[in-house]
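K.L.:
Any chance you could fold what I've pasted below:
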Amino acid sequence: MVLEVKDLKKSFEEKCVIDGVSFKIQKGKIVGLLGKNGSGKTTILKMINDLLTIDSGEILVCGETIGVKTKAMISYLPERTYLDNTKTISQVFDFFQDFYADFDRCKAEQLLKELDLDINARLAKMSKGMKEKVQIVLVMSRNAKLYILDEPLGGVDPSTRDHIMKTILSNFSDDASMLITTHLIADVEKILDEVIIIDKSKIVLSGNADELRKKEKKSIDEIFRRIVK
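P.N.:
Next comes the predicted model:
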């Protein structure tokens, strides 16, 4: 099992934001963590990445309790950009190459060409969509066990979304797993193997995406809209 989340709980100033959440992700699966804004999706991702402390419960990545070892196994795309605008793409690649032992620079440079990005371009002169592409390249060029993408399509135009989705799919290894949060469910659901729907701090539905579509005779987006109001 790549990821196990067991009875996870988290509160901020006595307000419960995650209440007894449990789920598992097997190797080779792409899983969508779906919910409205403020439902706790990003909080869960931050706890998996050891960026927030857990009140109670347990998180295991490849059997390891979260910590230094698990951080090396996870390639994480946060919702907000973390790139230094003063740098060129090449300089950012240099940083990743020094910081992450599993960063594949050759792969990153190939992805840049496929996405029509100039390695010498400075981030400050790039559009939001272009920066999103750079961040996806960085994340997908690591040979990680678990990829965690928080709103990878947020704020970009439909054509850029298509480019990002193709990049994710074409560079996803069967030896790894992926957890994606998004509010653009219709754009992402075609690549999801499984879905987890969270509402009001709890999981309200989870399962195989194809089986849910067949059972409900609806798309995942339609199922989500029916359950979460």
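K.L.:
In contact with the most centrally placed residue in the chain, which residues are there?
P.N.:
What sits nearest the mean C-alpha location of the chain, by Cα atoms, centre = their mean, is residue 149, with 1.5 Å. Taking Cβ atoms under 8 Å, 6 or more residues apart in numbering, we find residue 149 in contact with 77, 139, 168, 178-181. Bear in mind the C-beta positions are built from the backbone N, C-alpha and C, glycine included.
K.L.:
What is the burial count for residue 179?
P.N.:
27 (other Cβ atoms under 10 Å).
K.L.:
Low-confidence stretches in the protein?
P.N.:
The model of the chain has pLDDT under 70 over residues 155.
K.L.:
Would you map the helices across it?
P.N.:
Ranges of helices within the chain are 41-48, 68-71, 89-99, 105-114, 128-140, 158-170, 185-188, 209-216, 220-227, based on DSSP state H.
K.L.:
now these as JSON lines including distance to residue 25 and mean neighbour count?
P.N.:
As requested, the helices of the chain are exported to JSON lines (distance: least, Cβ to Cβ, whole Å; neighbours: other Cβ atoms under 10 Å):
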{"stretch": "helix 41-48", "distance to residue 25": "10", "mean neighbour count": "22"}
{"stretch": "helix 68-71", "distance to residue 25": "13", "mean neighbour count": "14"}
{"stretch": "helix 89-99", "distance to residue 25": "25", "mean neighbour count": "16"}
{"stretch": "helix 105-114", "distance to residue 25": "23", "mean neighbour count": "15"}
{"stretch": "helix 128-140", "distance to residue 25": "17", "mean neighbour count": "21"}
{"stretch": "helix 158-170", "distance to residue 25": "16", "mean neighbour count": "16"}
{"stretch": "helix 185-188", "distance to residue 25": "16", "mean neighbour count": "18"}
{"stretch": "helix 209-216", "distance to residue 25": "13", "mean neighbour count": "14"}
{"stretch": "helix 220-227", "distance to residue 25": "17", "mean neighbour count": "17"}
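K.L.:
out of these, nearest to residue 21?
P.N.:
Nearest to residue 21 among these is helix 41-48 (6.5 Å), distances taken as Cβ to Cβ.
K.L.:
Need the contact partners of the closest one.
P.N.:
Contacts for helix 41-48 (Cβ under 8 Å, 6+ apart): 3, 5, 8, 10, 17-18, 21, 33-35, 52-54, 59, 61, 66, 74, 76, 79, 148, 150, 179, 181, 198.
K.L.:
Thought residue 135 was touching residue 92, still the case?
P.N.:
No. Between residue 92 and residue 135 there is no contact under Cβ atoms under 8 Å: 9.5 Å.
K.L.:
about what we covered before: what's the closest of the contacts of residue 149 to residue 217?
P.N.:
Of all these, residue 217 sits closest to residue 180, with 24.1 Å by Cβ to Cβ.
K.L.:
what pairs with the closest residue to that closest one other than its chain neighbours across the strands?
P.N.:
Once flanking residues are discounted, residue 180 sits nearest to residue 149: 4.7 Å by Cβ to Cβ, 6 or more residues apart in numbering. In this entry, residue 149 is beta-bridged to residue 77, residue 180, by DSSP bridges.
K.L.:
measure residue 149 to residue 188 for me?
P.N.:
From residue 149 across to residue 188, the span is 9 Å (Cβ to Cβ, to the nearest Å).
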